[in-house]
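Participant: Whatever this is, show me its structure:
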Amino acid sequence: MKEAWIGLISKPEFNRTWYWSLPGVKFNESETNWNTGEPTDNGNQGKHENCGSVYQNLKWLDQGCHWPEYFLCYEEADTFCKYRLIKEKKSWQEAQSYCREKHTDLISGTKQLQDEEVKKLMNSSDSKAYTGLFRDTWRWSDGSSFSFRHWHDDYNNSESVSGQCAMTVFDDGGRWKNENCDERKPFICYDDKVILIKENKTWEDALTYCRDHHHDLVTITNMEDQIWIQEKVKNASTDYVWIGLHYAWTLHFWFWVSDEVVSYENWASCPKTDDCDVSGAMETRGRHKWLEKKDSETFNFICSKY
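Facilitator: Numbering: from 1, shown residues only. Next up is the predicted model:
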């Protein structure tokens, strides 16, 4: 099997919606910085302008995604954020791939674009630059609001994809392509592997509950896991939820209770790691970062089913 349908579909009746490329950053219509008269959606040859860029004054504009431009990457570190102005002209899709491979993602969100470091970078530029702002008509079949896209590099974000469905191509690193929905192909079903428990418990009680009633406290090993779980925690009744991340004080390292290696990390800031009896929790609002919390605090929690 070389390719298979996934649950992403574009229909003519779907309105185009703005998103940010970086997962977890939500587009807010009331927090925009459009240049006067923008967005114009006035592309060449009738094509929509579905990607965002910024001028030196950091005012936003919409433009065609295929135009070669400089671009701004965001790189997340343990205790600080870095922004990089890449002075290589690429299409928006190529810029997104570059940022994800070499940094974290294209710069995303009003807060990042107002950073003084970004202002200094753009003051040194002789051209506008792409940001992580894009819009499309794609929707997930289960109604979730994920902004994550993993299109093939030559994907054309235009009105021509309306009435199409998405498939993953396995021999292309799992990147996505669009195809007529009437085509017959293998498909991938998902079984929800995690469950949110809306009961307030300490970390140890949460661990015991998960192991008694399900499988374990949840483990997060990659960005895809993070994106899926952060959608679930939005329904929590506490500001944080416990995950299966614990700190071994005597050995001075973090570990997952499932024995998975801590390779992927999503900390809000570098944990102090000088306290005993602390574990990892995820924010249920905002950017869904991980934080170090005392085991004795009580939160909702996420269990893995198997």
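
Participant: pLDDT on stretch 89-97, on average?
Facilitator: On average, the pLDDT along stretch 89-97 is 94.

Participant: Then stretch 9-21?
Facilitator: The model assigns stretch 9-21 a mean pLDDT of 90.

Participant: what sits up against that stretch?
Facilitator: Applying CB atoms under 8 Å, 6 or more residues apart in numbering, the contact partners of stretch 9-21 are 26-27, 29, 48, 50, 52, 96, 99, 105-106, 108-109, 132-139, 141, 147, 149, 161-166, 178, 181. (Glycine included, C-beta is placed from N, CA and C.)

Participant: Using ChimeraX, define a selection of the buried residues within the residues you listed.
Facilitator: Buried residues within the contacts of stretch 9-21, by 16 or more other CB atoms under 10 Å, are selected in ChimeraX with:
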select :27,48,50,52,96,99,105,106,108,109,132,133,134,135,136,137,138,139,147,149,161,162,163,164,165,166,178
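
Participant: In helices only, show me the contacts of stretch 9-21.
Facilitator: Counting by DSSP state H, the part of the contacts of stretch 9-21 found in helices is 96, 99.

Participant: residue contacts, residue 60?
Facilitator: Applying CB under 8 Å, 6+ apart, the residues contacting residue 60 are 32, 33, 34, 35, 38, 39, 52, 53, 54, 113, 131, 133.

Participant: cutoff 6 Å now
Facilitator: 33, 34, 52, 54 (CB atoms under 6 Å, 6 or more residues apart in numbering).

Participant: Please pick the buried ones from those.
Facilitator: Applying a neighbour-count criterion of 16+ other CB under 10 Å, the buried members of the contacts of residue 60 are 52, 54.

Participant: Take the contacts of stretch 9-21 and keep only those in strands.
Facilitator: 52, 105-106, 132-136, 138-139, 164-166, 178 (DSSP state E).

Participant: Save these as JSON lines, and put in pLDDT and distance to residue 256 too.
Facilitator: Formatted as JSON lines, these follow (pLDDT from 0 to 100; distance: CB to CB, whole Å):
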{"residue": "52", "pLDDT": "97", "distance to residue 256": "37"}
{"residue": "105", "pLDDT": "93", "distance to residue 256": "24"}
{"residue": "106", "pLDDT": "96", "distance to residue 256": "29"}
{"residue": "132", "pLDDT": "97", "distance to residue 256": "29"}
{"residue": "133", "pLDDT": "97", "distance to residue 256": "34"}
{"residue": "134", "pLDDT": "96", "distance to residue 256": "33"}
{"residue": "135", "pLDDT": "93", "distance to residue 256": "37"}
{"residue": "136", "pLDDT": "92", "distance to residue 256": "35"}
{"residue": "138", "pLDDT": "93", "distance to residue 256": "32"}
{"residue": "139", "pLDDT": "91", "distance to residue 256": "33"}
{"residue": "164", "pLDDT": "91", "distance to residue 256": "38"}
{"residue": "165", "pLDDT": "94", "distance to residue 256": "35"}
{"residue": "166", "pLDDT": "94", "distance to residue 256": "31"}
{"residue": "178", "pLDDT": "91", "distance to residue 256": "36"}
